[in-house]
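In: Mind folding the following:
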Amino acid sequence: MEDVLALCRHAGEAIMEVYRGDFAVETKDDASPVTAADLRAHQVLLEGLAALGDWPVLSEEGVEAIDPAERLSWPRYWLVDPLDGTREFIHRRDEFTVNVALIEQHRPCLGVVHLPVTGESWWGIPGRGAGRITASGQHLPIHAADRAAVPLRVLGSHSHRDRFLGDYLDALGPHALHTAGSSLKFCRIAEGAADLYPRFGPTAEWDTGAGQAVAEAAGAFVVDLEGQPLRYNTGPGLRNGFFLVYADARRDWLAPVPPAARDEGRRAP
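Out: Numbering: from 1, shown residues only. Just a heads-up that it's a prediction; the model follows:
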């Protein structure tokens with residue numbers, strides 16, 4: 001864990017070198033944006049993780065070079081988003097992160113989310129605990145709130161408005177909707193600052209692996225619309241289905257999900 005934390009900080013420093021100046025924005029084949037910061041952080045993580053052992057690395061910026069048949073044979077691998085929240089980065093909103101997860105038998109068993117602008121990090125090992133490292137280097141244990149607040153504290157995205165979110169929130173009851181960027185939404189649940197993060201929109205596995213590890217290690221749940229924990233590397237595609245992140249297990253968070261969201265939100269093949 002200490003090695004991964006240090007590596008994420010190094011990647012964050014590479015990102016900030018680009019962020020402090022002018023940078024160009026290019027468009028990838030899937031129409032998503034990419035910058036020099038994404039690519040520099042990718043290289044830092046690729047080289048650093050290779051030095052930690054022989055496990056393969058699946059990074060957003062290197063996925064096209066990996067044969068899906070080969071990938072599906074991996075029992076354990078690193079899942080990386082070198083710069084989660086590229087749109088936040090482009091629009092000079094400071095809530096972009098570095099995400100690194102270790103996936104074993106289709107589940108995240110370790111995760112780090114690093115916020116380059118502040119230097120903070122969140123880490124989690126499901127079954128062993130989670131923590132936050134402040135900008136000054138102080139290590140703090142974190143735990144999700146097992147009793148939801150009234151009104152509920154709900155998280156949404158800065159950059160993506162989920163089509164079904166309004167109907168879901170109407171059925172949910174009294175709530176306050178707050179926005180946060182990138183995988184920080186998982187971290188806010190993990191540290192007890194929010195109660196629910198419903199996602200009725202597209203995400204890729206590298207968007208969620210590290211955040212899921214942190215949230216689950218802190219006592220929260222990350223489930224699909226069938227109530228099952230998100231799983232990784234189970235098919236040729238790497239797109240998640242819709243999901244919910246919550247901590248208070250006494251409430252049925254799935255009940256208000258619109259039927260159309262259930263139909264559309266199954267994992268893409």
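In: gap between V223 and T208?
Out: Using C-beta to C-beta, to the nearest Å, V223 is found at 12 Å from T208. The C-beta positions use only the backbone N, C-alpha and C, and glycine is treated the same way.
In: If you count surrounding residues, which of these two has more?
Out: T208 (27 against 16; other C-beta atoms under 10 Å).
In: wait, doesn't that one sit right on D224?
Out: No - with contacts defined as C-beta atoms under 8 Å, T208 does not count as touching D224, sitting 10.9 Å away.
In: any idea what sits nearest F186, other than its immediate chain neighbours?
Out: G211 (2.9 Å; C-beta to C-beta, 6 or more residues apart in numbering).
In: quick revisit: which neighbours do V223 and T208 share?
Out: Common contacts of V223 and T208 (C-beta atoms under 8 Å, 6 or more residues apart in numbering): L230, F243.
In: Surely Y168 is within a strand?
Out: No - assignment of Y168 by DSSP: H, G, I helix; E, B strand; the rest coil gives helix, placing it outside any strand.
In: What are the neighbouring residues in contact with it?
Out: If a contact means C-beta under 8 Å, 6+ apart, then Y168 has P198, F200, P256, V257, P258, A261 as its contacts.
In: change it to 6 Å
Out: Contacts for Y168 (C-beta atoms under 6 Å, 6 or more residues apart in numbering) come out as P198, P256.
In: any idea how far it is from L79?
Out: Y168 is 28 Å from L79, by C-beta to C-beta.
In: can you check Q43 too?
Out: Q43 is 17 Å from L79, by C-beta to C-beta.
In: of these two, who's got more company?
Out: More crowded of Q43 and L79, by other C-beta under 10 Å: L79, with 27 against 16.
In: low pLDDT regions in the stretch 151-269 of the chain?
Out: 158-161, 267-269 (pLDDT under 70).
In: Can you show me the helices along it?
Out: 165-172, 184-190, 205-217, 259-264 (DSSP state H, counting those that start in this stretch).
In: Indicate which one of the ones you listed is closest to P68.
Out: Across these, P68 has its closest neighbour in helix 205-217 (12.5 Å, C-beta to C-beta).
In: Residues contacting the closest one, please?
Out: 60, 79, 81, 99-101, 108, 110-113, 122, 124-126, 129-130, 183, 186-187, 189-190, 222, 230, 232, 238, 240, 245.
In: So among those, which ones count as buried?
Out: Using 16 or more other C-beta atoms under 10 Å as the burial test, those include 60, 79, 81, 99-101, 108, 110-113, 122, 124-126, 130, 183, 186-187, 189-190, 222, 230, 232, 238, 240, 245 as buried.
In: So for the protein, the centremost residue is which one?
Out: The centroid of the chain falls nearest to T208 when counting by C-alpha atoms, centre = their mean (3.3 Å).
In: For W123, see how far away V80 is.
Out: 15 Å.
In: next one: V4
Out: Relative to W123, and taking C-beta to C-beta, V4 is found at 8 Å.
In: try A130
Out: Counting by C-beta to C-beta, the gap from A130 to W123 is 7 Å.
In: and P33, bridged to which residues?
Out: Following DSSP bridges, P33 is listed with bridge partners T27.
In: That one: neighbouring residues, count only.
Out: 13.
In: That one against E26, yeah?
Out: No - counting by C-beta atoms under 6 Å, P33 sits too far from E26 to count as a contact (7.2 Å).
In: Chain neighbours aside, what residue packs nearest to D29?
Out: E64 (7.9 Å).
In: Thank you kindly, that will do.
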